[in-house]
Structures are given as C-alpha cells and as structure tokens.
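A.B. asks: Next comes the sequence, and after it the predicted model I'd like to discuss.
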Amino acid sequence: MKDFTFITILLVLGCQSERKVETYKNYIASWSSDGKQILFYSDRNGNWDIFRINPDGSALQQITHSSFNEREPTWHPQKNAYTFSSDSLGERRIFIRDFDADNIMKLTSDPGQHASPSWSPDGNHLAYLSEKDKHWNVLVKSGKDSTSVIIYTGSTYPGRPTWSPSGKEVLYSIAVNGKETLHLTNLDGTIVKTYTPDFNSCGNAVLSPDGSYIVFDAHSDDVLDSGDGKWEIYKMSTVDHSIVRLTFNDKDDWGARWSPDGTKLAFLGSGFNNTGYELFVMNADGSGRTQLTSR
C-alpha cells in the first residue's frame, strides 16, 4: 500500500453534542471475521455515523462522532480495522481505520463519489463504486500496489459489489431485458456467470461463505425506494437456481449479510417501535428473527 495517501483526519471532533432524531435509519451491516461483532451505520444522531454491536444485541457502541457523514463500514478480513466512505474531504472517498495502529488512511483518490467498499476474503483487493456525472463504475483496487481495474462501467447503477468466497470474482447486478440480473465477474471484467432471480428489482446480493447460496432482496414491482413493505429477502441456490423466500413481513426487509460461518444473516427491517430501519439477525433459513437495535 505504499502509494496510498496517508491523511490526518479526526473522526472525533471534540465533545460534539448529539442531535437525536425521531425517525432514523440503520443501514448495511458487516460482520467481523470472528463473527463476534457487527458494524453498521445510522443517522440516529442527525448525520451518518458508524456503530458496532454484538450479534445478541449487547454492547452497542458509537465509534464515530464527527460532523461529516461516515457510512458503509466493512470489517477488514485480516486486520482489526474497517473500511468506510466519508465526505470529510468534500467528495465521498474511501478510508480505512486501523484500531491497532490508531490511524486512518485514504484509499481512493480518482474522480467521482466513492461508495460501497468491499474487501476480498483474503484482504488483497478492494471493490467499490464510483459515480461521476450519472456514470457508474465498479472498480477493484489492489491492496499491494494500489492499482485499480474497472470491471463495470455504464449509466445503470450496478448495486453494491460483493465477493465470491474464492476472492477471484465480484458479484454485482444490472437489469437485462427488464429483469435484474446478477453478474459474477472476473477481476479483468469478464462475466463468468449470471443469475436471473426473475424480479424487476433486486439488490444487495452476496454469496454464502461456502458458495452454495446467494442471498438478495427483491421487489415485485420496479420500485427501488418504496417503503411499501414489498421488499423481502430471498435465498437462491447456486446449483439449481431454486429460490426460497426468507422474510414475510408487511414492512421492507433488505440488506442481508452472511455471518462468517454461514449460519446467520444480519439484515435491515422495520423495528417494533416503528422508528425506521432497525438491525436484525436471523438464522440462514429465515427462522429466529431477532431485533438488535431499538430506540
């Protein structure tokens, strides 16, 4: 990482007072490699900050307190560190915060707004989104020499990129002939496999740790941000492409992420107190739904 730019950026800006909001949202979660902690981000205090929590709902802790927006935390698979996006420099850039070294480093510098960082399982590559003038790229940056390769480019939003268990392919989604299609792509941009769940809109697709399933959320109508309760979480077999619905709710459920051992899913859903999206955990078969966060 010799070409990555070190910066001095302070996430904790003094004793900033917290501004509580009545209706807040928690967003996409990330499991630590040992499965003992979950990172997520929330606007519960008026802007986006990063939090961590245990999978049983205990030990909730806010870990950023700045006036900027820190979003999309992703645990590094090999380090006591997480990657995140921040608008602290104006345009959104991607950073890594190392707890052991007690420092923060900027990882991306190319033009555009950067979002949705995702580490390969071995920590050698970082996939992320870049958007500029309504044009999207999915890029993969090498953790060794900081070089980047564009594996998707176009005017259609490709969803949040995620990785295959081998770390050799990236998964993203693009509409093909009116149907959302999941693309599994080599690091040179070659599409090696596609999956069509047969929904107009779907997203947040991620392969299970053993590669047997893809979990994703889908909407029966072509509506991205609906809040109408029609977003549900599904699981597709990578062998026969059969699909099982995991959530049954009159509120939206989405953004599922596998635990490292593949037995649990963290996801977002409407809380029992109706404050907005709360963080939940359930078993990989959809049973045992447990709400972790609450006002």
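C.D. replies: Arrived safely.

A.B. asks: For this structure, just list every one of the helices.
C.D. replies: In the chain, no segments count as helices under DSSP state H.

A.B. asks: wouldn't residue 159 be in contact with residue 181 here?
C.D. replies: No. Counting by C-beta atoms under 8 Å, residue 181 is not a contact partner of residue 159; they are 10.7 Å apart. For the C-beta atoms, the positions are set from N, CA and C on the backbone; glycine is no exception.

A.B. asks: Of these two, give the one with the bigger neighbour count.
C.D. replies: residue 159 (22 against 17; other C-beta atoms under 10 Å).

A.B. asks: Could you pull out the residues contacting both of residue 159 and residue 181?
C.D. replies: residue 173 (C-beta atoms under 8 Å, 6 or more residues apart in numbering).

A.B. asks: Give me the residue ranges of the stretch 1-150 of the chain where confidence is low.
C.D. replies: 1-22 (pLDDT under 70).

A.B. asks: again, 50 this time
C.D. replies: 1-19 (pLDDT under 50).

A.B. asks: now the strands: where do they sit in it?
C.D. replies: 5-6, 26-31, 38-42, 49-53, 61-62, 70-75, 81-86, 93-98, 103-106, 113-119, 125-132, 135-142, 148-154 (DSSP state E, counting those that start in this stretch).

A.B. asks: Neighbouring strands - and their directions - for the third one?
C.D. replies: On the basis of DSSP bridges, the sheet neighbours of strand 38-42 come out as strand 26-31 (antiparallel), strand 49-53 (antiparallel).

A.B. asks: likewise the last one?
C.D. replies: According to DSSP bridges, the neighbouring strands of strand 148-154, each with its direction, are strand 135-142 (antiparallel).

A.B. asks: what's the pLDDT at residue 200?
C.D. replies: With respect to pLDDT, residue 200 has a value of 78.

A.B. asks: Likewise for the one 10 residues further on?
C.D. replies: In this prediction, residue 210 carries a pLDDT score of 98.
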